[in-house]
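Novice: A predicted structure for the sequence below; I have some questions about it.
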Amino acid sequence: MATIIIPFPFRKHTENRRDVSVTGADLAEILEELLRQYPGLQIINDQPGLLSIFINGKSVKGDVGQWQEINVTDSDEISLIIPIAGG
């Protein structure tokens, strides 16, 4: 099972868990299963530009429609990052 790191503002939807384990063959399946387990995280689909996604520290490039092309293994760590801007 891949591990997904949940950003602090979204932890209220994951029973305050910092990370969750999810099974899937590719990024699209992983996120689909994440939303099935934690429907409160629907914002991931509703506002995909809100988050940056990293797998093992490397930024995921491509749109939501390309996520089925990104393979994920059980040992991968997926981080959901909320970009912060300021000045």
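Specialist: Perfect, thanks for sending it.

Novice: Run through the strands of the chain in chain order.
Specialist: Per DSSP state E, the chain carries strands over the ranges 2-5, 19-22, 52-55, 58-59, 77-81.

Novice: Who are the packing partners of the third one?
Specialist: Looking back up the chat, that one is strand 52-55. strand 77-81 (3 or more Cβ pairs under 8 Å, 6 or more residues apart in numbering; DSSP states H and E). Where you see a C-beta, it was placed from the backbone N, CA and C, and this is true even at glycine.

Novice: same question, the first one
Specialist: Counting by 3+ Cβ pairs under 8 Å, 6+ apart, the packing neighbours recorded for strand 2-5 are strand 19-22, helix 27-37, strand 77-81.

Novice: Check the second one too.
Specialist: Using 3+ Cβ pairs under 8 Å, 6+ apart as the contact criterion, the neighbours of strand 19-22 among helices and strands are strand 2-5, helix 27-37.

Novice: partners of the shortest one, with directions?
Specialist: Based on DSSP bridges, the pairing partners of strand 2-5 within the sheet are strand 19-22 (antiparallel), strand 77-81 (parallel).

Novice: nearest to residue 50, of these?
Specialist: Within the strands paired with strand 2-5, the stretch nearest residue 50 is strand 77-81; the backing value is 9.4 Å (Cβ to Cβ).

Novice: Report the mean per-residue pLDDT for the closest one.
Specialist: This predicted structure assigns strand 77-81 an average pLDDT of 95.

Novice: Could you give the separation of that strand from the chain centroid?
Specialist: 6 Å (Cα atoms, centre = their mean, to the nearest Å).

Novice: Mind listing what's buried along it?
Specialist: Counting neighbours by 16 or more other Cβ atoms under 10 Å, one finds that the buried residues in strand 77-81 are 78, 79, 80.
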